[in-house]
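Asks: Got a predicted structure plus its sequence, pasted below:
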Amino acid sequence: MSAESVVYYLNRVPESDPNDQTEWLVTALGQYTGAELRELLYVAEEPGFFELMRGLFALPDESRAALQHFLETGHPPAMKAGVDAKGRLTIEHVTDEQRVKLLPGIAN
């Protein structure tokens, strides 16, 4: 089952009976391991998770790929994000010195 079919059925419920919908959901979930499903459920509890995911997937392919590459190659706990006065999102790698300034209670 492709991501396109999942989105299609989320936006347009099949006209069949509820048993078919349950079968579709079980089939869709069957491609993941139990550990992956537990992780997804755990992460989905974070405030703003679904809004963040919708925003991420609304980005143009090139922008989404660049952001994904940045996050995959970096160390997310060592990143700092902010919005500047012009409304631009900035994400940067934080050095050890910057981390000590940001988290003095943890560093000591």
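Replies: Received it, and whenever you're ready, just let me know what you need. All figures in this text were calculated on a predicted structure; none of them were measured in a lab.
Asks: the strands in this protein, which residues?
Replies: 79-83, 89-93 (DSSP state E).
Asks: between the ones you listed, which one is nearest to Ser63?
Replies: strand 89-93 (10.7 Å; Cβ to Cβ). Every residue, glycine included, has its C-beta placed from N, CA and C.
Asks: Out of the strands of the chain, which gets nearest to Gly55?
Replies: Taking Cβ to Cβ, strand 89-93 is the member of the strands of the chain nearest to Gly55, at 10.7 Å.
Asks: who touches the closest one?
Replies: Applying Cβ atoms under 8 Å, 6 or more residues apart in numbering, the contact partners of strand 89-93 are 70, 74-75, 78-84.
Asks: one more time with 10 Å
Replies: Applying Cβ atoms under 10 Å, 6 or more residues apart in numbering, the external contacts of strand 89-93 come out as 67, 70-71, 73-76, 78-84, 98.
Asks: how distant is that strand from the center of its chain?
Replies: 17 Å (Cα atoms, centre = their mean, to the nearest Å).
Asks: so that strand versus strand 79-83, what angle?
Replies: 160 degrees (axes from the mean of the first three to the mean of the last three Cα atoms, to 10 degrees).
Asks: got the CA positions of strand 89-93 in CSV?
Replies: Output of strand 89-93 as CSV, limited to C-alpha atoms (Å, rounded to 0.1, in the frame of the first residue of the first chain):
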residue,chain,number,x,y,z
LEU,A,89,13.2,29.9,10.2
THR,A,90,16.8,29.4,11.0
ILE,A,91,18.3,26.1,12.2
GLU,A,92,21.9,25.8,13.2
HIS,A,93,24.3,23.3,14.8
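Asks: wait, which of the strands of the chain is closest to Leu59?
Replies: That would be strand 89-93 among the strands of the chain, by Cβ to Cβ, at 11.1 Å.
Asks: what is the mean pLDDT for that closest one?
Replies: Per-residue pLDDT values over strand 89-93 give a mean of 84.
Asks: ditto for stretch 32-50
Replies: Across stretch 32-50, pLDDT averages out at 92.
Asks: ok, back up a step: so can I have CSV of the strands of the chain showing mean neighbour count?
Replies: CSV is the format used below for these (neighbours: other Cβ atoms under 10 Å):
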stretch, mean neighbour count
strand 79-83, 11
strand 89-93, 11
